[in-house]
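Visitor: Sequence first, then the predicted structure, then my questions.
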Amino acid sequence: MQFIMIDGKGDPNTSQEYVAALAALYAVAYTLKFMSKQELGRDYGVPPLEGLWWASDMSVFAPDQTDRDAWQWTMMIMTPEWIRLEQFAGAVEAARRKKSPPELDHVRLETFHEGLSVQILHVGPYSVEGPTIARLHGEYLPQHGLVENGKHHEVYLGDPRRTAPEKLKTVLRQPVRIAAKNVMG
């Protein structure tokens with residue numbers, strides 16, 4: 001699938017880089033939508049925000065960790081397959097003329113292939129995803145002979161500005177592969 005993407009680092013709750021990245025990402029996403037409707041005669045709804053999350057030391061994602069400054073992320077919004085690099089470049093320039101978000105030059109259009117993945121729906125605040133993630137990683141993967149094979153992926157189905165935290169819905173995804181079997185001679 002094709003996405004507009006932007007990378008960054010830091011706690012999404014306190015990082016100005018994260019706020020600026022989302023402003024740039026949404027500016028391009030909505031500009032693309034309206035350009036597609038006007039110039040190509042093809043309208044679409046802007047899909048939900050998605051995020052890839054990782055760190056060089058994955059223990060910073062443990063539920064008891066509060067230091068999120070080491071978190072790395074790629075935030076992304078899917079775009080239809082008919083959007084080409086020319087439309088994307090035009091949307092970036094139009095967003096620059098209209099709002100000029102500071103992180104605009106870091107937004108990119110890229111194809112993303114995740115491969116085999118498992119997922120679970122988390123209902124509730126982002127801050128309490130830990131037990132749901134633990135069920136996915138600590139229970140489901142081992143029970144089914146699977147191991148992680150890529151970055152943790154989240155799809156945000158609710159708008160945290162308009163949805164009560166206890167009603168937020170997030171799809172938690174993990175790319176996987178079949179675990180190598182320990183074969184003894």
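Guide: Nice, I can see it. Numbers count the residues shown, from 1 in each chain.
Visitor: Within the helices and strands, which one has the residue nearest the centre of the chain?
Guide: Closest residue to the average C-alpha location of the chain: residue 51 at 1.4 Å, with C-alpha atoms, centre = their mean. Element membership for residue 51 (DSSP states H and E) is strand 49-54.
Visitor: cool, residue 7 as well?
Guide: strand 2-9.
Visitor: So what are the sheet partners of that strand and their directions?
Guide: Using DSSP bridges, the strands paired with strand 2-9 are strand 72-79 (antiparallel), strand 108-111 (antiparallel).
Visitor: can I get those strands in a markdown table with distance to residue 129, mean pLDDT and mean neighbour count?
Guide: For glycine as for every other residue, the C-beta is placed from the backbone atoms N, C-alpha and C. Shown next, in a markdown table, are the strands paired with strand 2-9 (distance: least, C-beta to C-beta, whole Å; pLDDT from 0 to 100; neighbours: other C-beta atoms under 10 Å):
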| stretch | distance to residue 129 | mean pLDDT | mean neighbour count |
| --- | --- | --- | --- |
| strand 72-79 | 14 | 97 | 22 |
| strand 108-111 | 26 | 98 | 14 |
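Visitor: Select, out of the ones you listed, the one closest to residue 39.
Guide: Smallest distance to residue 39 across the strands paired with strand 2-9 (C-beta to C-beta): 14.4 Å, for strand 72-79.
Visitor: mind listing what's buried in the next helix or strand after that closest one?
Guide: Going down the chain from strand 72-79, the next helix or strand is helix 85-98, by DSSP H and E. Neighbour counts over helix 85-98 (16 or more other C-beta atoms under 10 Å) mark 87-88, 91-92, 94-96 as buried.
Visitor: Run through who's touching the strand holding residue 7.
Guide: Strand 2-9 is touched from outside by 15, 17-18, 21, 24-25, 28-29, 32, 50, 69-81, 83, 88, 103, 106-112, with contacts defined as C-beta atoms under 8 Å, 6 or more residues apart in numbering.
Visitor: what sits against the closest residue to residue 94 other than its chain neighbours?
Guide: Excluding the flanking residues, the one nearest residue 94 by C-beta to C-beta, 6 or more residues apart in numbering is residue 31, at 5.0 Å. Contact analysis of residue 31 by C-beta under 8 Å, 6+ apart lists 91-92, 94-95, 98.
Visitor: Mind jotting down where the strands sit in the chain?
Guide: Applying DSSP state E to the chain gives strands spanning 2-9, 49-54, 72-79, 108-111, 117-123, 146-148, 152-156, 169-178.
Visitor: Can you tell me the strand partners of the second one and which way each runs?
Guide: This points to strand 49-54. So strand 49-54, judged by DSSP bridges, has these partners: strand 72-79 (antiparallel), strand 152-156 (antiparallel).
Visitor: Including distance to residue 166, could those go into a markdown table?
Guide: Shown next, in a markdown table, are the strands paired with strand 49-54 (distance: least, C-beta to C-beta, whole Å):
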| stretch | distance to residue 166 |
| --- | --- |
| strand 72-79 | 23 |
| strand 152-156 | 15 |
